[in-house]
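*Asks:* Structure here, sequence nowhere to be found:
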């Protein structure tokens, strides 16, 4: 569910209320978004997108977007990471929300910066546990595509192509993935 | 510079103004932080910490914290990622701010979830370009430590130890690191 701006939306709109004035707060060294009504400072930081390249046999799960931006184009199941979840748990949640897909994340496949919209994208490689998939409220349709069937000209975002190519390029049994939390502390300490 | 809460601070304090009421906004499916004065919704998402294991010959850069939490304990140069920067650029900025260290990030070494405080930590392995280092405003002192000299009992956070151990464990010439942005689009598209 993404009631806020979608995961690739530009963050340029100026709200009519709430924090909306850019100024340097006392003691700070850069402009922040401040509410002119109550002086509350909204520290804005990059947002994390969590998603996955979901594999079933020789096919990859894609979702056709039912929402803007890029409505009608194909994407990976992905969305804003929520508070108090791991990136893997977020990828599982998004796969369910967008494609009713039950997945098991296997390795962190890719980390992308999209500075224009201040995003960090954490893309997992995941196994589809059950091929019964269905569109969630943010998808027009979902499908399992062989490599040569992928609608390359109708992908929603550059990082979708990058992640698909990374999946193709990086062997499943690669001997080194980035270190992630130790097994005894999957959610940190 | 970290005028906001420090990178490991628990986010439990209730402000006297601004968004401070937890309620489910219309059309949403979970509680958000809402301003009772103007109904502005503060979508809270995990924050990204960027930092690095900085290497000079057989030594690693550590900083003794001048600020809470964990004042007086040793940490890696790390802090909140800012808008419109890559994680590598953020690691460079933090190394300068905290240790006046000029570094060159070489590979993304580790990605940690700390769900309790809703953090994702992206830790780079970096080369120190010049051993002239000095404490920045958030450090009491900085130093270059051989492995056996690292003050293990006085490290500030668990992820500092994890990242040091990951650096020790993962070979410098590891054949697979997570895919990051393609060379032609270091800041995303």
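*Replies:* Yep, that arrived. Values in this document were obtained by computation on a predicted structure and should not be read as measured data. Residues are numbered from 1 along each chain as shown, chains lettered A, B, ... in the order given.

*Asks:* After the least confident helix or strand in chain A by mean pLDDT, heading C-terminal, what element do we hit next?
*Replies:* Sorted by mean pLDDT, DSSP states H and E, the helices and strands of chain A end with strand A:41-42, the least confident at a mean of 86. Once the chain leaves strand A:41-42, the next helix or strand it forms, by DSSP states H and E, is strand A:47-56.

*Asks:* Whether that following strand contacts chain B - can you check?
*Replies:* Yes - shown here: strand A:47-56 in contact with chain B (C-beta under 8 Å from any C-beta of the partner chain) through A:47-48. Quick note: C-beta positions are derived from backbone N, CA and C, even for glycine.

*Asks:* Okay, angle between that strand and strand B:47-56 too, please.
*Replies:* Calculated by axes from the mean of the first three to the mean of the last three C-alpha atoms, to 10 degrees, strand A:47-56 forms an angle of 90 degrees with strand B:47-56.

*Asks:* Sheet partners, orientation included, of strand A:47-56?
*Replies:* When pairing is defined by DSSP bridges, strand A:47-56 lines up against strand A:59-65 (antiparallel), strand A:78-80 (antiparallel), strand A:119-128 (parallel).

*Asks:* Adjacent strands (with direction) for the least confident helix or strand of chain A?
*Replies:* With DSSP bridges as the test, strand A:41-42 pairs up with strand A:32-34 (antiparallel).

*Asks:* Give me the helices and strands touching the lengthiest strand in chain A, please.
*Replies:* Counting residues, the longest strand found in chain A (DSSP state E) is strand A:103-114. Where contact means 3 or more C-beta pairs under 8 Å, 6 or more residues apart in numbering or on different chains; DSSP states H and E, strand A:103-114 is packed against strand A:47-56, helix A:87-99, strand A:119-128, helix A:158-169, helix B:87-99, strand B:103-114.

*Asks:* Mind doing that once more with 6 Å?
*Replies:* Secondary-structure packing of strand A:103-114 (3 or more C-beta pairs under 6 Å, 6 or more residues apart in numbering or on different chains; DSSP states H and E): helix A:87-99, strand A:119-128, helix A:158-169.

*Asks:* what does the least confident helix or strand of chain A rub up against?
*Replies:* Contact with strand A:41-42 is made by A:19, A:25, A:32-34, as judged by C-beta atoms under 6 Å, 6 or more residues apart in numbering or on different chains.

*Asks:* tell me the SS of the residue lying farthest from the centre of chain A?
*Replies:* The centre of chain A is farthest from one residue, residue A:26, which by C-alpha atoms, centre = their mean lies 34.2 Å away. Applying DSSP: H, G, I helix; E, B strand; the rest coil to residue A:26 yields a three-state assignment of coil.

*Asks:* what's the first-to-last distance across stretch A:63-83?
*Replies:* This stretch, stretch A:63-83, spans 24 Å end to end (C-alpha to C-alpha, to the nearest Å).

*Asks:* go on, stretch A:152-160?
*Replies:* End-to-end distance of stretch A:152-160 (C-alpha to C-alpha): 10 Å.

*Asks:* Pull the distance from it to the chain's centre.
*Replies:* 14 Å (C-alpha atoms, centre = their mean, to the nearest Å).

*Asks:* the domain parsing of chain A - what is it?
*Replies:* Domain assignment for chain A by automatic domain parsing gives A:15-44, A:47-169.

*Asks:* May I have the phi/psi pair for residue A:76?
*Replies:* phi -80, psi 150 (degrees, to the nearest 10).

*Asks:* dump the residue contacts of it.
*Replies:* Per C-beta under 6 Å, 6+ apart, neighbours of residue A:76: A:51, A:160.

*Asks:* what about it, distance to chain B?
*Replies:* Using C-beta to the nearest C-beta, to the nearest Å, one gets 13 Å for the distance from residue A:76 to chain B.
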